[in-house]
Every structure is written in C-alpha cells, then in structure tokens.
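In: Next input, structure requested:
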Amino acid sequence: MSLGIKLNFVAALVLLVLLAPASEAVISCSDVIKDLRPCVNYLVNGTGAPPSSCCAGASALAAAATSSADKKTACQCIKSAAQKINPNQQLAQGLAANCGITLPVAVSPNVDCSKVG
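Out: Got it, this is the predicted structure:
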C-alpha cells in the first residue's frame, strides 16, 4: 500500500472518530427497569435492608450508567417509574447507601434530570 493511500485511510479514520456522536446513551429504559425491578416491592412496602437481588440490580445499573447520556437516560427512566409506583421516600433515598453502592441518580419522582451527568 502506498504512503498516499495510508495517509488517506488514516485521515478518513480520524474524520470518522471526530464526527461520531460524542455521548449517545448506550443504556435503555428496559435495561434500567430490568435492573431495578427487584427493588419495586421493597421501595413500596419494604422495611429494613433491601433484598440482595435489589442490590445486585442497583449495582448493575450503577456499573452500566457510566456516560453522561447514560446517566440522563437512567434518570428519566427512574423518575418516570417512581411517579408510577410512588416509592417510600426514605427507602428510595437510602437505597444506594443500604446496598453499599453509589447510584448516578436519585430514586425519586421529583429528581431534576437536567442536573444529572
């Protein structure tokens, strides 16, 4: 391969990288719901510590929501779900700490997702 062709290939590759969308969400609402589904009963009717399946799902969500776009998507999904299930606010606010993790977004029907990321 000649030097000119190699340079054109490299230039085209650099251009593709630069033009690619910077922060498209990889996570979907169905991923978020799947991860947090084991927490629903606990958040609505629970007491004490969350079940291990809930913490495993919350941990999976925390690991998956890494980019700003992922965090915003997760936030919007959680906010929408929280508005439907009306979780116990104390249990929802303490979920991450009670599972020993850090969630990128609060579990709340009132969270401002524009400030997440």
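In: okay, CA-based contacts and neighbour counts for the rest of this
Out: Will do.
In: For this protein, which element, helix or strand, carries the lowest mean pLDDT?
Out: helix 3-19 (a mean of 36; mean pLDDT, DSSP states H and E).
In: Now find how far off-centre the host helix or strand of residue 95 is within its chain.
Out: Assigning secondary structure by DSSP states H and E places residue 95 in helix 89-99. For helix 89-99, the separation from the chain centroid amounts to 16 Å (computed by CA atoms, centre = their mean, to the nearest Å).
In: ditto for stretch 98-114
Out: Distance of stretch 98-114 from the chain centroid (CA atoms, centre = their mean) equals 9 Å.
In: in that stretch, what's buried?
Out: Buried positions in stretch 98-114, judged by neighbour count with 16 or more other CA atoms under 10 Å: 98-99, 103-109, 111, 113.
In: and which of the residues you listed is nearest to residue 82?
Out: residue 109 (4.8 Å; CA to CA).
In: ok, the closest one touching residue 77?
Out: No. Taking contacts as CA atoms under 8 Å, residue 109 lies outside contact range of residue 77: 10.0 Å.
In: how close does residue 63 get to residue 72?
Out: Distance of residue 63 to residue 72, computed by CA to CA, to the nearest Å: 14 Å.
In: Just give the nearest non-adjacent residue to residue 43, would you?
Out: Spatial nearest neighbour of residue 43, chain neighbours left out: residue 87 (5.1 Å); criterion: CA to CA, 6 or more residues apart in numbering.
In: swap that for residue 89, please
Out: Residue 89 sits nearest to residue 108 (CA to CA, 6+ apart), 7.3 Å away.
In: residue contacts, the one you found?
Out: 78-79, 82-83, 87, 89, 92-93 (CA atoms under 8 Å, 6 or more residues apart in numbering).
In: now, which of those residues sits nearest residue 56?
Out: Nearest member of the contacts of residue 108 to residue 56, counting by CA to CA, is residue 92, at 15.5 Å.
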